[in-house]
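Participant: sequence and predicted model, in that order:
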Number of protein chains: 2
Amino acid sequence: MMNQPVNFKEKLAKFTERWSPRVVAEMNDYQFKLAKIEGEFIWHAHADTDEAFIVLQGEMTLELRDQSVLLRAGEMYIVPKGIEHRPIALRECSIMLVEPRGVVNTGDAGGVYTAPNDRWV
Amino acid sequence: MMNQPVNFKEKLAKFTERWSPRVVAEMNDYQFKLAKIEGEFIWHAHADTDEAFIVLQGEMTLELRDQSVLLRAGEMYIVPKGIEHRPIALRECSIMLVEPRGVVNTGDAGGVYTAPNDRWV
């Protein structure tokens, strides 16, 4: 099976749920996931991996314990492993996450925002 | 040292060389690299890793031995490991590559297009 090109806007048009990442591509044991976010997520950390946030549309803030990082469309940020963070978006924002397959969106925190893994769009 | 947000347009304004990827972020043992491409690259493959192409501005074609994949801004494609490919851009195109640290841009082919690694912008 050959890979297909992934068009971010087309993929984003296929779901509406917030905080529910959808896989669009795999590279070795890593996944590229699209997510729509709006509101305040929970504080959490990923003990075993860094996590890449790339903003595609809109803007978001990554709260860290010692600073807040504003990210607009066309910007990215790497949250280092073990670092607590909380994504916030005042208005709907579309992002791409890059991280190893199997990373849970709520990290060590769990709870109602925990989304199933390996859901493709 | 805390990471800094990366703004793709700001980073792209800082270099003009074609086919010379610049690292903008690291995630675990992977790197995010920006590159400006124009013209025809060489056929090559990476025996040990998949490689992610994300188009930021303009458009490019990834020639594979059995098909050509057109990629426009806002689109991505994963070249599976071991698969021969040749990037082509009729006009200047800005892309982001995601791949393990240490991957050489010309893969198994070598030659004059081979760029140094770990050059940050």
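Facilitator: Cool, the structure landed.
Participant: which ones are touching the residue most central in space within chain A?
Facilitator: The centre of chain A sits closest to residue A:97, judged by CA atoms, centre = their mean, with a distance of 3.9 Å. Residue A:97 makes contact with A:21, A:31, A:32, A:33, A:34, A:35, A:51, A:52, A:53, A:54, according to CB atoms under 8 Å, 6 or more residues apart in numbering or on different chains. From N, CA and C alone the C-beta is placed, and that goes for glycine too.
Participant: wait, which of the residues you listed is closest to residue B:120?
Facilitator: Using CB to CB, residue A:52 comes nearest to residue B:120 of the contacts of residue A:97, at 16.2 Å.
Participant: give me the phi and psi for that closest one.
Facilitator: Main-chain dihedrals, residue A:52, degrees, to the nearest 10: phi -100, psi 130.
Participant: that one bridge partners, please.
Facilitator: Beta bridges link residue A:52 to residue A:78, residue A:98, judged by DSSP bridges.
Participant: can you check residue A:88 too?
Facilitator: residue A:40, residue A:61.
Participant: so it touches residue A:42, yeah?
Facilitator: No. Using CB atoms under 8 Å, residue A:88 is not in contact with residue A:42, being 10.6 Å away.
Participant: under the pLDDT cut-off, which ranges of chain A? List them.
Facilitator: By pLDDT under 70, the weakly predicted segments of chain A are A:1-2.
Participant: which residue ranges form the strands in chain A?
Facilitator: A:6-7, A:22-27, A:30-40, A:51-57, A:59-64, A:68-72, A:75-79, A:85-100 (DSSP state E).
Participant: need those strands in a markdown table (columns: distance to residue B:79).
Facilitator: Formatted as a markdown table, those follow (distance: least, CB to CB, whole Å):
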| stretch | distance to residue B:79 |
| --- | --- |
| strand A:6-7 | 13 |
| strand A:22-27 | 9 |
| strand A:30-40 | 14 |
| strand A:51-57 | 19 |
| strand A:59-64 | 30 |
| strand A:68-72 | 27 |
| strand A:75-79 | 21 |
| strand A:85-100 | 16 |
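Participant: of all those, which one is nearest residue B:72?
Facilitator: Of these, nearest to residue B:72 by CB to CB is strand A:6-7, at 7.9 Å.
Participant: which residues are in contact with that closest one?
Facilitator: Strand A:6-7 is contacted from outside by A:24, A:25, A:32, B:72, B:74, B:75, B:76, B:77, using CB under 8 Å, 6+ apart.
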